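> Build the 3D model from these lines:
(one chain, ligands or ions: 1)
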Amino acid sequence: MRATLVTLLCAVLAPTITLGAEASTGRDPLSHHTLRIGRSVDGRPIMAVETGDSDSPRKVLVVGCIHGNECSGVAVADRLADNTPPREIDLWIIPSLNPDGAAADTRQNAHGVDLNRNFPWEWRAMVGFYDSGPRPLSEPESRIAVRLIERVRPSVSIWFHQHADVVDDSSGEIAVERTFAAVAKMRLEALAREPGSAVTWQTHCLPHSTAFVVELAAGPLKPDAVARLGAAVLAAGASAPERRLVARC
Ligand SMILES: [Zn+2]
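The predicted model follows:
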């Protein structure tokens, strides 16, 4: 199954993918691959890491940063990528989906588009701070995310933002979000739904999946918070129902 998925991704994403050296030892049941899944508007590489049990139907996606000035979640993503692969889940990590925005310390990408308004479900033309782009999926970064999500079909997806200090009860299994919030020691609350957001698109595209936003507090994370949030990701993933999802988009 591991070889099948990697082969599929290579076929779909080539020539943008490079596999890590540990990809094909064949003896370890746990995998750890590093893949380049595309490039930003300004040509910066966008990377993904797959780590854990690639046979597991519990597929978990973590995106450390989508708004370039809200990137404290990258520390959590990097810790998860560097740690021992988890045994109970197939963990996919995109440390940063918006490297141009991070370099410029802006919310938007290099086209001035808010990537979290550029996804196709309930997309609406918006300008200014929430510029949604000229059309759904106009931006390479959002297309990269959609392409990966359609292939992996994560049962749990966690998108880190800042600065509201709350776990958003966004969609799907409330028990999964409660588990995350309890381990992370954060409050759980439903925030407003936004047109063209990644989470609303995933909810539409992948019935029975759980995709939610984690709004970290302002400022960088302390090491104990990084550890706690990493543990929360793993606990939330392990608590998801064990079933493979069928995409409807
Ligand atoms: Zn945000």
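> which residues touch the residue in the chain positioned nearest to the ion?
The ion sits closest to H161 of the chain, with a gap of 3.3 Å, by CB to the ion. In this view, the C-beta of every residue, glycine as well, is placed from N, C-alpha and C. H161 makes contact with 66-67, 70, 73, 213-216 under the criterion CB atoms under 8 Å, 6 or more residues apart in numbering.
> Dihedrals phi and psi, the most centrally placed residue in the chain?
Centroid-nearest residue in the chain: V63, 3.0 Å away (criterion: CA atoms, centre = their mean). In terms of degrees, to the nearest 10, the main-chain angles of V63 are phi -120, psi 110.
> so who does it touch?
V63 neighbours (CB under 8 Å, 6+ apart): 73, 77, 94, 97, 145, 157-160, 198.
> Likewise for I89?
52-53, 56, 58-60, 234, 237-238, 240.
> just the contacts of H161 that are near the ion?
67, 70 (CB under 5 Å from the ion).
> and of the contacts of H161, the nearest to Q108?
H67 (8.0 Å; CB to CB).
> Give me the buried stretch members for the helix ranked longest in the chain, please.
Across the chain, the longest stretch assigned as helix under DSSP state H is helix 223-238. Neighbour counts over helix 223-238 (16 or more other CB atoms under 10 Å) mark 225-226, 228-238 as buried.
> Make JSON lines out of those residues and add pLDDT and distance to A247.
Converted to JSON lines, those look like this (pLDDT from 0 to 100; distance: CB to CB, whole Å):
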{"residue": "A225", "pLDDT": "98", "distance to A247": "34"}
{"residue": "V226", "pLDDT": "98", "distance to A247": "32"}
{"residue": "R228", "pLDDT": "98", "distance to A247": "32"}
{"residue": "L229", "pLDDT": "98", "distance to A247": "28"}
{"residue": "G230", "pLDDT": "98", "distance to A247": "28"}
{"residue": "A231", "pLDDT": "98", "distance to A247": "29"}
{"residue": "A232", "pLDDT": "98", "distance to A247": "26"}
{"residue": "V233", "pLDDT": "98", "distance to A247": "22"}
{"residue": "L234", "pLDDT": "98", "distance to A247": "24"}
{"residue": "A235", "pLDDT": "97", "distance to A247": "26"}
{"residue": "A236", "pLDDT": "97", "distance to A247": "21"}
{"residue": "G237", "pLDDT": "97", "distance to A247": "19"}
{"residue": "A238", "pLDDT": "95", "distance to A247": "23"}
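> ok, is stretch 168-178 in contact with the ion or not?
No - using CB under 5 Å from the ion, stretch 168-178 stays clear of the ion, coming no nearer than 10.5 Å.
> List of residues touching that stretch?
So stretch 168-178 is contacted by 156, 167, 188-191, 199-200, 202-203, 208-215, 236, 239-241 (CB under 8 Å, 6+ apart).
> 7 Å instead?
156, 167, 188-191, 199, 203, 209-213, 215, 236, 239-241 (CB atoms under 7 Å, 6 or more residues apart in numbering).
> Just the residues you listed: which are in strands?
The strands, defined by DSSP state E, take in 156, 167, 188-189, 210-213, 215 from the contacts of stretch 168-178.
> Could you work out the most separated pair of these?
Largest pairwise distance in the ones in strands among the contacts of stretch 168-178, by CB to CB, is 18.6 Å, between V156 and E189.
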